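Q: With the sequence up front, the predicted model follows.
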Amino acid sequence: MSTATTLIDWFATPQGQFLLEREQAFFDKAVADRFGFHAVQLGLLNCDCLRASRMPTRIVAGAALEADESPYAKVRLMMEELPFETGSLDLVAMPHVLEFNEHPHLVLREVERVLMPEGHVILTGFNPRSLWGARRRMGSKTGYPWNGNFISLPRIKDWLALLGFEVVAGRFACYAPPMNNEDWLRRFQFMEPAGDRWWAVCGGVYFLQAVKRVPGVRPLKPRWNEGLVGKLIPARPQLRHEGMQRKTETDEQ
């Protein structure tokens, strides 16, 4: 039975470390090629979701930030009422926010509001259709993370679609049973590559990356420096040749 009193405490256990290692790798890869100016991580301070991001403004936000020693700007807030201007953020990372909030659909609605068009949301969640989900159904629901409301992936996708998001990437991880013993977790490492190949939808956690689509809005294209382009791309010689040919024909007449 888990004795962790917070999700952050649970991520310090062997189970949590096993999951955190995979989540950190996913966020590092997902945020590395996202461009913009403002990125926000909501919750789960154990996982530095923005460490691979190249955005100049990175913010960590949550209900409790006292124990956080990250170098980012910090904002204390309620997830259902984000204190950010509408359409002001380029990226929002949400590690296990929805299943531990009483109003997950309201949180997603707020994320949609603060994201600019073509902004990205990256989230993770516990998969109820997995060995981890079975452990929650058949075992005690006291302690983290088993006291959370595991939300199925199809429902999350439906919520995102209703808010105008398009899912562009996703995957599963943590196919091994949720054991407390670190040695046993190592012994079941073989299930990770096997799970990706044979039972991909049964991973203990899912990762989703979605883009906010706004009809009629197109991303701005860079304005080229015309002087520089003229130096790099010479005038078309065929045009000068055509002009000389027309002048010769006139002289002959």
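A: Looks like it arrived, so ask away.
Q: Run a quick neighbour tally on G216.
A: 5 (other Cβ atoms under 10 Å). Just so you know, the C-beta spots here come from the backbone N, C-alpha and C atoms, and that holds for glycine as well.
Q: An error on my part: the question was meant for F84.
A: 19.
Q: do V31 as well
A: So V31, with other Cβ under 10 Å, has 23 neighbours.
Q: separation between it and L163?
A: Applying Cβ to Cβ, to the nearest Å, the value for V31 to L163 is 21 Å.
Q: mind checking the backbone torsions on V167?
A: Backbone torsions of V167, given as degrees, to the nearest 10, read phi -70, psi 120.
Q: Verify the stated contact: it with K212.
A: No - counting by Cβ atoms under 8 Å, V167 sits too far from K212 to count as a contact (11.5 Å).
Q: of the two, who's got more company?
A: Per other Cβ under 10 Å, whichever of V167 and K212 has more neighbours is K212, with 24 against 15.
Q: T86 and R113: what is the separation?
A: 5 Å.
Q: correction: A32
A: 26 Å.
Q: Within the sheet, what are the partner strands of the host helix or strand of I59, with directions?
A: Counting by DSSP states H and E, the element that carries I59 is strand 57-62. Using DSSP bridges, strand 57-62 pairs in its sheet with strand 38-42 (parallel), strand 73-76 (parallel).
Q: Among those, single out whichever gets nearest to N181.
A: strand 38-42 (30.5 Å; Cβ to Cβ).
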